[in-house]
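[1] give me the fold of what follows.
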Amino acid sequence: MKTALRSSSLRMVLVVTVLTASRLTAQVTVPQFDPAGAFAATTFHLSLTSPGATIHYTLDGSDPLAGGGFTLASGGEAVFSGAAIVRARAAIGSQWSLLRQAPFAATGAVFAGEEDAFALDSSGEILKSWGGNSYGTAGDGTTTRKTSPVQVKLNASTSFTGIEEIAAGNGSVIALKTDGTVWCWGRNSHGQLGSGKTANQPNPAPATDANNAAITAAIAVAAGQEHMLAIRSDGTVLAWGLNNLGQLGIGTTTDSYVAVPVRTSATAYLGVASPVVKVDGGGSFSVALLANGQVWGWGYNDAGQLG
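    Got it, this is the predicted structure:
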């Protein structure tokens, strides 16, 4: 009897194994990762693609075929913080692809401005700064030179935390928080802090739009010399600050003290036809990479920097 039970159990294991194997097929494209595996400051935005399929993925190294984990449509984005081993399979009906996996590791980051430097820990909870601090760029509420690191704070008793990304211009700093809000501090001579004013700010404060509302749903930020840029989750771009050479891309050369949408014409906005996936600012110009592979530029073009 014991021998018969063992034999029966073995047959059941073999049947399960065969059934599982029969669900795997090369006809379902293995998910593609973009990026394929990377280091980042604190947070990853991972695109997973397999045409016509639903993507099943895990962040703990387990196989999605075993159940659990997360799902999204092909082309969707997985957002996660910290270190992870991402494993993913694509499924169409009952058919599953082979496994794709890659390691991702949060490392923290360093940034440099005109006369100031910054270090962000891998949790996004501690941002420290040091340097000239002439305009309150250190973000600690003072304008005295910092020869050793100090922590960036909202006020004397509240640390500035939940940071995903920062960038620095000429005396001004922009930060993206994990909740999609955008914060700025430092020099504000042309409204580059997005506060609606031109007074310098020695502590981080929310950047605002034309309705005097805090920017939300941002996914990336960048700093030009005296202007700022942010990509929103819908793929459009906001810009504010100095605009003497059209670096804001709003169809005028008037500075904007609040965030306004970048335009391609009087009636169309950049990022609507194809979402913007990357943006950056130069001295007096800006560039953007679109999801369709096109690169757009606007602003100063004295050396052909707009291509």
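
[2] beyond the lowest-mean-pLDDT helix or strand in the chain, next helix or strand please.
    For the chain, scoring each helix and strand by mean pLDDT, DSSP states H and E identifies helix 2-23 as the least confident one, at a mean of 40. Where DSSP states H and E defines the elements, the next helix or strand beyond helix 2-23 is strand 32-34.

[3] centre of the chain to that next one, how far?
    With CA atoms, centre = their mean, to the nearest Å as the basis, strand 32-34 stands 16 Å off its chain's centre.

[4] now it: average pLDDT?
    Mean pLDDT, strand 32-34: 91.

[5] poorly predicted segments of the stretch 1-150 of the chain, please.
    The model of the stretch 1-150 of the chain has pLDDT under 70 over residues 1-26, 37-41.

[6] quick one: the strands in it, in order.
    32-34, 38-40, 43-49, 54-58, 70-73, 76-81, 84-92, 95-96, 100-106, 109-112, 116-120, 127-131, 146-151 (DSSP state E, counting those that start in this stretch).

[7] also the stretch 151-300 of the chain?
    Using DSSP E, counting those that start in this stretch, strands in the stretch 151-300 of the chain cover 153-155, 158-159, 163-168, 172-177, 182-186, 201-206, 218-223, 227-232, 237-241, 256-261, 276-281, 285-290, 295-299.

[8] thinking again about what came up before, and the strands of the stretch 1-150 of the chain as JSON lines, adding distance to V295 and mean neighbour count?
    C-beta here means a position set from N, CA and C on the backbone, and glycine is covered the same way. Below are those laid out as JSON lines (distance: least, CB to CB, whole Å; neighbours: other CB atoms under 10 Å):
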{"stretch": "strand 32-34", "distance to V295": "18", "mean neighbour count": "17"}
{"stretch": "strand 38-40", "distance to V295": "22", "mean neighbour count": "17"}
{"stretch": "strand 43-49", "distance to V295": "19", "mean neighbour count": "19"}
{"stretch": "strand 54-58", "distance to V295": "28", "mean neighbour count": "22"}
{"stretch": "strand 70-73", "distance to V295": "27", "mean neighbour count": "13"}
{"stretch": "strand 76-81", "distance to V295": "21", "mean neighbour count": "16"}
{"stretch": "strand 84-92", "distance to V295": "29", "mean neighbour count": "21"}
{"stretch": "strand 95-96", "distance to V295": "37", "mean neighbour count": "17"}
{"stretch": "strand 100-106", "distance to V295": "27", "mean neighbour count": "17"}
{"stretch": "strand 109-112", "distance to V295": "24", "mean neighbour count": "15"}
{"stretch": "strand 116-120", "distance to V295": "28", "mean neighbour count": "21"}
{"stretch": "strand 127-131", "distance to V295": "31", "mean neighbour count": "21"}
{"stretch": "strand 146-151", "distance to V295": "36", "mean neighbour count": "13"}
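
[9] how about these in JSON lines, adding distance to E226?
    Shown next, in JSON lines, are the strands of the stretch 1-150 of the chain (distance: least, CB to CB, whole Å):
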{"stretch": "strand 32-34", "distance to E226": "33"}
{"stretch": "strand 38-40", "distance to E226": "27"}
{"stretch": "strand 43-49", "distance to E226": "27"}
{"stretch": "strand 54-58", "distance to E226": "41"}
{"stretch": "strand 70-73", "distance to E226": "39"}
{"stretch": "strand 76-81", "distance to E226": "31"}
{"stretch": "strand 84-92", "distance to E226": "38"}
{"stretch": "strand 95-96", "distance to E226": "52"}
{"stretch": "strand 100-106", "distance to E226": "31"}
{"stretch": "strand 109-112", "distance to E226": "16"}
{"stretch": "strand 116-120", "distance to E226": "15"}
{"stretch": "strand 127-131", "distance to E226": "18"}
{"stretch": "strand 146-151", "distance to E226": "22"}
